[in-house]
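[1] okay, predicted coordinates and the sequence, questions at the end:
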Amino acid sequence: MKGIPYGRQNITDEDIQVVVETLKSDYLTQGPRIAEFENAFSNYVGSKYAVAVSNGTAALHLCTLALGVKEGDKVITTPITFAASANCIRYCGGEVIFSDIDPETYLLDIDKVRILLETAPKGTYKGIIPVDFAGRANNLEAYRKLADEFSLWIIEDACHAPGGSFQDTANTTQLCGNGQFAELAIFSFHPVKHIASGEGGMITTNDESLYLKLLQLRTHGIVKNNNLYTNSIQLSGGTNEYPGWYMEMQNLGFNYRLTDFQAALGSSQLIRADEGVQRRREIAINYFNAFKNEPFIKGQSGTIKGHAFHLYIIEVEDRLGLYNYLRSKNIFAQIHYIPCHLMPYYQEFGWKEGDFPHAEKYYEHCISLPMYPTLKNEEQAYVISEINIFYNDKH
């Protein structure tokens, strides 16, 4: 069996064609493909606005900047996530406050967040960054209610969950990133994600003022809009109107732009997004049915409704042994993630082993199995068979 990774991109002839067409066009960057991608993506998730950026980390950074995170501001997030979910707070000088996960869902435990908020003076915390981990959506309606009670903002880290959703109290399907409950949401287009553009990210929002801030911050803090200029016409070098070349840098921004050929690839991939989520759910059902009665599978759930399945995670005994055995069989499972609070950088702030028992216990046993739309049935069967062989031989 050839190598089976835990995730991979699917590039079609149609994807290649649109990229080649863009490479032959007049624009490699700052051209029409960006707006096309943004419009298509906002339509897909149901938000009013979308801002394409260079990667998911840039998206998180711009969100914290747009919301005014500054030195000393305390923001709550989960320790079970990629480090960028926390790092974006530090980029602005804020203080990362981790809180434990729900061991059944692996999501930030909202009850523990409430305890944090209720046991501190009001105003201690500025915001919450819940992560739609592995593709499972947070109940953002509940988070919105909590955030409003304590005057907090929400950034939804939906990098794992385009196409994911939850049911609100009115039994309405709420798509991840639709802007109904979080001020801002972010997505990633890294090759292992649902939609691949090489690198790339997207921010979605329903707040026009935040949208306009993001557009500035994405491009050096520069404005090119007569209605937004603050310098007088005389200072612009014109006479009775601002000349065509004129622009103003009004804030300290960054070059976090996406290229046109990346946007073209993202738009092409977006056309197949629903098909990809459906296939991921089929793969998840196969794994669940294969392992639901096995004693060595500890954290398994058969819930697929609304789940986007970026990852399919099981919890096992002898995780290291299984990991190494699968690699010897050309199956490249992965571990998601080492808890952020145990990273040396964050231990410098006083976080230590034992702070979050659920997150740490999860990390001791978790392993992500191959999960991507082009995974063949015979490849998945091989993965399942080798896991069973490993544990049957041990027990």
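    Perfect, I can see it now.

[2] mind listing what the residue sitting furthest away from the middle of the chain touches?
    Most distant from the centre of the chain: Thr239, at 47.6 Å, with distances by Cα atoms, centre = their mean. If a contact means Cβ atoms under 8 Å, 6 or more residues apart in numbering, then Thr239 has Ile233 as its contacts. Every C-beta, even on glycine, is put in place using the N, C-alpha and C of the backbone.

[3] low-confidence ranges in the stretch 251-395 of the chain?
    299-300, 394-395 (pLDDT under 70).

[4] isn't Gly201 right up against Leu62?
    No. In this structure, Gly201 is not within contact of Leu62 by Cβ atoms under 8 Å, at 9.0 Å.

[5] shared neighbours, those two?
    Val53.

[6] quick check on the residue nearest to Arg327 when sequence neighbours are not counted: phi, psi?
    Closest residue in space to Arg327, ignoring its immediate chain neighbours: Ala333 at 7.8 Å, by Cβ to Cβ, 6 or more residues apart in numbering. Phi and psi for Ala333, reported as degrees, to the nearest 10, are phi -60, psi 170.

[7] what pLDDT does the residue farthest from the centre of the chain get?
    Note on Thr239: pLDDT of 75.

[8] that one and Ser232: what is the separation?
    12 Å (Cβ to Cβ, to the nearest Å).

[9] isn't Thr105 up against Arg136?
    Yes. At 6.0 Å, Thr105 counts as touching Arg136 under the criterion of Cβ under 8 Å.

[10] give me the domain ranges for this structure.
    Domains of the chain are assigned by automatic domain parsing as 4-270, 273-394.

[11] just those: most buried one?
    domain 4-270 (a mean of 19; mean count of other Cβ atoms under 10 Å).

[12] got the end-to-end distance for that one?
    24 Å (Cα to Cα, to the nearest Å).

[13] what mean pLDDT does stretch 111-131 have?
    98.

[14] that stretch: end-to-end distance?
    One end of stretch 111-131 sits 15 Å from the other (Cα to Cα).

[15] check stretch 308-328 too.
    29 Å.

[16] with stretch 304-317 instead?
    Terminal residues of stretch 304-317 lie 24 Å apart, using Cα to Cα.

[17] can you give me the offset of it from its chain's centre?
    On the basis of Cα atoms, centre = their mean, to the nearest Å, stretch 304-317 sits 15 Å off its chain's mean C-alpha point.

[18] stretch 346-362 now?
    On Cα atoms, centre = their mean, the centre of stretch 346-362 falls 22 Å from the chain's centre.

[19] contacting residues around it?
    So stretch 346-362 is contacted by 78-80, 86, 95-96, 98-103, 106, 109, 299, 315, 339-342 (Cβ under 8 Å, 6+ apart).

[20] narrow the residues you listed to those in strands?
    By the criterion of DSSP state E, membership of the contacts of stretch 346-362 in strands covers 95-96, 98, 315.

[21] so which residue is dead centre in the chain?
    Mean-position check on the chain, Cα atoms, centre = their mean. Result Cys159 at 1.7 Å.

[22] measure that residue to Ser54 for me?
    The spacing between Cys159 and Ser54, counted by Cβ to Cβ, is 14 Å.

[23] do the same with Leu228
    Counting by Cβ to Cβ - Leu228 and Ser54 are separated by 24 Å.

[24] assign Asn171 to helix, strand or coil.
    coil (DSSP: H, G, I helix; E, B strand; the rest coil).

[25] what pLDDT does the model give it?
    pLDDT for Asn171: 97.

[26] mind checking the SS state of the residue farthest from the centre of the chain?
    Thr239 - assigned by three-state DSSP - is coil.

[27] low-confidence ranges in the stretch 1-150 of the chain?
    For the stretch 1-150 of the chain (pLDDT under 70), the answer is none.

[28] helices of that one, start to end?
    Under the criterion DSSP state H, counting those that start in this stretch, the stretch 1-150 of the chain carries helices at the ranges 13-23, 32-45, 56-66, 84-91, 110-118, 140-149.
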